[in-house]
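*Asks:* Got a predicted structure here, sequence first:
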Amino acid sequence: MHTPLPHGHQKLWQSLRCVIAVFGLVAALEACQTNAPVPQVSPQVWNEWSVGQVVGAKTGRLVPTPEWLEGLAGYDVIYLGEEHHNRSHIEAALMVLRSLVDRGRRPVLAMEMFGWEGQPALDDYLLSKEPARLEFLERVGWKQNWGGAFEDYEPLVQFAKDQRLPVLAMNPPKTLIRQVVKLGLAQAKEQPEWRQWGMEQEAIIDAPDYRSRILSQLQACHGGGAPEDYQTMYDASMVRDEGMAKTVTAAVHRVRAAGDPVQGPVVSYTGGGHVQYRLPVPNRVARRVENGLEQVTIYMATFEQERAAELYQSMQEGIADFVWLTPPGSQGAPRRCR
């Protein structure tokens, strides 16, 4: 059992979970109001957009979906960033996976929704001919590690099971992350869990651009905490992203070591906050992998026409390589901070 966090840390832990989930596009557009000017460009750019379409972020122009899906097979890693529990984002991810399988590829699916400690249970579930669903959810620690309806994400797991594709538990254990929140990074590194999960071999890089975005979102959306509390939450954010990058990197190395052009690519499925601006996970994977790593970032975003100009601005700032315009989830568009 883990040691309960002090009340102040519990509040900030919840804040971090929110910020990580929405950091980037959702944080900029939904979570925190900003006074950044909207670019003065022809409205025809975003008047072309509608739900279900894919937009090239550099140009703001629509891309033909069939050809675009075909081209994804040329990447080593495909990053899909979702709004959590949005069924349309699951459907979009399934389109990507089906497209790869239809072209004879064997993608490796990595999911934020599962913690490293749940990998054995996940492997057993994928291989079982008559899986016990409730037992699986208990063994994998679904309620403790993620929560919410497993049914939202079950189609991805079921597709992988049907196609005999590997699924990787991408998230560092929550007990490890809680230690970082409670103790700070320096002390957390001295705990047994740090070595148990192989983190002593990992560099935790404090990149200036990443720090600026994470801390500004913590302070803007969840004000009132002490500066040192924000620092431990920031440390936890770094560790999570480095841990997820560790998982993706290991998958890339396994695919390359297989020497089989059918294997791969790695498809990373996380909240959008781990994808945007390439700062959270993609840049950390690129740092670890040599020899021409090809990555693509795809942000799946609830599309509201009245806010298209703001979305275009985020694209111009480099939010992702592509933005997939989708309907809102069952709870509506992501909320704004007030």
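*Replies:* Now that the structure is in, tell me what you want to look at.
*Asks:* quick one: low-confidence parts of this protein?
*Replies:* Scanning the chain with the threshold set as pLDDT under 70 gives 1-43, 224, 226-228, 332-338.
*Asks:* quick one: the strands in it?
*Replies:* With strands called from DSSP state E, the chain shows them at 54-56, 62-63, 77-82, 106-115, 167-171, 263-271, 295-302, 322-326.
*Asks:* which of those strands sits most buried?
*Replies:* When these are scored by mean count of other C-beta atoms under 10 Å, the highest mean neighbour count falls to strand 77-82 (a mean of 27). Where C-beta positions appear, they are placed from N, C-alpha and C, glycine not excepted.
*Asks:* Quickly run through the sheet partners of that one, with directions.
*Replies:* When pairing is defined by DSSP bridges, strand 77-82 lines up against strand 263-271 (parallel), strand 295-302 (parallel).
*Asks:* closest one to residue 185 among the strands of the chain?
*Replies:* Closest of these to residue 185 is strand 167-171, at 17.6 Å (criterion: C-beta to C-beta).
*Asks:* and the strands of the chain as a markdown table, adding distance to residue 197?
*Replies:* Shown next, in a markdown table, are these (distance: least, C-beta to C-beta, whole Å):
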| stretch | distance to residue 197 |
| --- | --- |
| strand 54-56 | 36 |
| strand 62-63 | 39 |
| strand 77-82 | 22 |
| strand 106-115 | 10 |
| strand 167-171 | 11 |
| strand 263-271 | 18 |
| strand 295-302 | 24 |
| strand 322-326 | 33 |
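*Asks:* looking at these, which is closest to residue 151?
*Replies:* Here strand 106-115 is closest among those (C-beta to C-beta), at 12.2 Å.
*Asks:* Run the chain-centre distance for the closest one.
*Replies:* 10 Å (C-alpha atoms, centre = their mean, to the nearest Å).
*Asks:* got the angle for that strand vs strand 77-82?
*Replies:* Relative orientation of strand 106-115 versus strand 77-82 (axes from the mean of the first three to the mean of the last three C-alpha atoms, to 10 degrees): 40 degrees.
*Asks:* In space, not sequence, find me the middle residue of this protein.
*Replies:* residue 270 (2.4 Å; C-alpha atoms, centre = their mean).
*Asks:* ok, the nearest residue to that one once chain neighbours are set aside to residue 285 distance?
*Replies:* Closest residue to residue 270 apart from its sequence neighbours, by C-beta to C-beta, 6 or more residues apart in numbering: residue 112 at 3.9 Å. Using C-beta to C-beta, to the nearest Å, residue 112 is found at 14 Å from residue 285.
*Asks:* What ranges does the stretch 151-300 of the chain have for its helices?
*Replies:* 174-183, 185-188, 192-196, 208-221, 227-258, 282-288 (DSSP state H, counting those that start in this stretch).
*Asks:* Could you say which one of these comes nearest to residue 317?
*Replies:* helix 208-221 (10.8 Å).
*Asks:* which strands and helices sit next to the closest one?
*Replies:* Helix 208-221 is packed against helix 7-22, helix 227-258, with contacts defined by 3 or more C-beta pairs under 8 Å, 6 or more residues apart in numbering; DSSP states H and E.
*Asks:* buried set for the longest one?
*Replies:* Which is helix 227-258. For helix 227-258, a neighbour-count test (16 or more other C-beta atoms under 10 Å) marks 229-230, 232-249, 251-252, 255 as buried.
*Asks:* picking that back up, would you turn the helices of the stretch 151-300 of the chain into a markdown table with distance to residue 326?
*Replies:* Output for the helices of the stretch 151-300 of the chain, formatted as a markdown table (distance: least, C-beta to C-beta, whole Å):
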| stretch | distance to residue 326 |
| --- | --- |
| helix 174-183 | 28 |
| helix 185-188 | 36 |
| helix 192-196 | 37 |
| helix 208-221 | 22 |
| helix 227-258 | 23 |
| helix 282-288 | 21 |
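*Asks:* Of the ones you listed, which is nearest residue 304?
*Replies:* Using C-beta to C-beta, the nearest of the helices of the stretch 151-300 of the chain to residue 304 is helix 208-221, at 19.7 Å.
*Asks:* now the angle between helix 227-258 and the closest one, please.
*Replies:* 130 degrees.
*Asks:* before we move on, back to that, turn the strands paired with strand 77-82 into TSV, columns for distance to residue 129.
*Replies:* Converted to TSV, these look like this (distance: least, C-beta to C-beta, whole Å):
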stretch	distance to residue 129
strand 263-271	24
strand 295-302	33
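*Asks:* Tell me which of those sits nearest to residue 186.
*Replies:* strand 263-271 (26.6 Å).
*Asks:* Residue 63: which of the helices of the stretch 151-300 of the chain is closest?
*Replies:* Between the helices of the stretch 151-300 of the chain, helix 282-288 lies closest to residue 63; by C-beta to C-beta that is 19.7 Å.
*Asks:* What residues does residue 215 make contact with?
*Replies:* By C-beta atoms under 8 Å, 6 or more residues apart in numbering, residue 215 lies in contact with 230, 234.
*Asks:* give me that answer again for 6 Å
*Replies:* residue 234 (C-beta atoms under 6 Å, 6 or more residues apart in numbering).
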